[in-house]
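# please find the sequence and the predicted model below.
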Amino acid sequence: MNRTKFKIIYGLLGGTIGTALIVLADFLGGEFLPLWVYALLWVFLFLLWFWTAGYRRHLQPRRPDQNGKR
């Protein structure tokens with residue numbers, strides 16, 4: 001899977017899970033925000049997860065050292 005496709009999937013999952021947790025907390029608390037607020041939160045979380053996906057160390061490809069070993 002190429003990096004861009006992975007970042008999009010990672011962002012979609014992060015945005016959806018994060019927004020779902022916020023909606024669940026609102027539901028349990030008995031109050032809801034307007035729909036546009038949830039949409040903005042989802043976009044923010046998607047962009048945050050998408051942007052950080054390429055910078056996480058465990059996602060970076062390992063480069064061979066001087067001797068060609070990994």
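Perfect, I can see it now.

# for this structure, give me the ranges with low pLDDT.
For the chain, residues meeting the criterion pLDDT under 70 lie at 1, 54-70.

# now with 80, please.
Counting by pLDDT under 80, the chain contains low-confidence ranges at 1-4, 6-7, 30, 50-70.

# show me the helices in it, by range?
3-29, 35-53 (DSSP state H).

# contacting residues around the residue sitting nearest the centre point of the chain?
For the chain, residue 49 is the residue whose C-alpha lies nearest the centre (Cα atoms, centre = their mean; 2.7 Å). Contacts for residue 49 (Cβ atoms under 8 Å, 6 or more residues apart in numbering) come out as 10, 11, 13, 14, 15, 18. Backbone N, C-alpha and C define where each C-beta goes, glycine included.

# what is the burial count for the nearest residue to the last one once chain neighbours are set aside?
It refers to residue 18. The spatially closest residue to residue 18, leaving aside those adjacent along the chain, is residue 45, at 4.1 Å (Cβ to Cβ, 6 or more residues apart in numbering). Here the number of neighbours of residue 45 (other Cβ atoms under 10 Å) works out to 21.

# roughly how far apart are residue 45 and residue 2?
Using Cβ to Cβ, to the nearest Å, we find residue 45 at a distance of 23 Å from residue 2.
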